[in-house]
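Trainee: predicted model follows, preceded by the sequence.
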Amino acid sequence: MIEGKEQDIYKIALQDEGGIDNYYEFKLRVTYKSDPNSSWYDYVKSYTPYMEKVEESQYLKDDAFDGETYHIELLSNKRDTTKYELKVEVNAITRDKYLFAKTLIAYTIAQDNPFAEPVIVHTNVENGQGIFSLQNTTEWIIE
């Protein structure tokens with residue numbers, strides 16, 4: 001239980017490709033089975049070392065486990081699988097998307113702090129704001 005709520009735990013063994021920097025994003029998508037057009041990302045928490053939370057996602061860089069298997073645990077509010085379809089998404093993302101997420105964390109934390117240093121949110125768009133990024137998604141349906 002976390003904050004008085006029962007949690008589902010999703011365990012993932014991630015085999016990292018060695019010798020290159022890899023970046024990952026983890027999400028949980030929930031859909032009502034009675035209405036397949038209703039879909040949203042659920043709150044996901046993790047106590048796995050090196051995970052960083054941004055909104056509904058958890059992010060991870062492979063510095064601590066380059067080329068090895070890394071075991072991850074994701075926690076989310078308990079859901080009745082007879083009413084909901086649950087999908088765990090693991091995205092291999094670009095460095096730019098990872099840096100955007102990290103600077104977004106810093107920006108959000110500093111936003112209401114008058115003593116914080118200004119934060120420049122990462123961008124890779126010339127003469128503009130935002131990022132251009134690709135990702136490779138793997139998902140599992142939880143039953």
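Mentor: That came through, no problem.

Trainee: correct me if wrong: residue 7 contacts residue 77.
Mentor: Yes: if you go by CB atoms under 8 Å, residue 7 and residue 77 touch, sitting 6.7 Å apart. (Each C-beta comes from the backbone N, C-alpha and C, glycine too.)

Trainee: now do the contacts for the closest residue to residue 130 other than its chain neighbours.
Mentor: Excluding the flanking residues, the one nearest residue 130 by CB to CB, 6 or more residues apart in numbering is residue 123, at 5.9 Å. Contacts for residue 123 (CB atoms under 8 Å, 6 or more residues apart in numbering) come out as 100, 129-131.

Trainee: burial of residue 19, as a residue count?
Mentor: Residue 19: 8 surrounding residues under other CB atoms under 10 Å.

Trainee: distance of it from residue 51?
Mentor: 22 Å (CB to CB, to the nearest Å).

Trainee: go ahead and confirm residue 41 touches residue 29.
Mentor: Yes: with contact defined as CB under 8 Å, residue 41 reaches residue 29; the gap is 5.8 Å.

Trainee: on the three-state scheme, residue 104 is what?
Mentor: On the three-state scheme (DSSP: H, G, I helix; E, B strand; the rest coil), residue 104 is labelled helix.

Trainee: could you give the number of residues near it?
Mentor: Here the count is done by other CB under 10 Å, and residue 104 has 15 residues near it.

Trainee: surely it touches residue 121?
Mentor: Yes: between residue 104 and residue 121 a contact is recorded at 6.0 Å, counting by CB under 8 Å.

Trainee: setting aside sequence neighbours, what's the nearest residue to residue 30?
Mentor: residue 42 (4.7 Å).

Trainee: give me the phi and psi for the one you found.
Mentor: In terms of degrees, to the nearest 10, the main-chain angles of residue 42 are phi -90, psi 160.

Trainee: point out where the chain drops to low pLDDT.
Mentor: By pLDDT under 70, the low-scoring segments of the chain are 1-2.

Trainee: and the strands in it, which stretches?
Mentor: All strands of the chain, identified by DSSP state E, fall at 7-15, 23-32, 35-41, 52-54, 57-61, 69-77, 84-93, 135-142.
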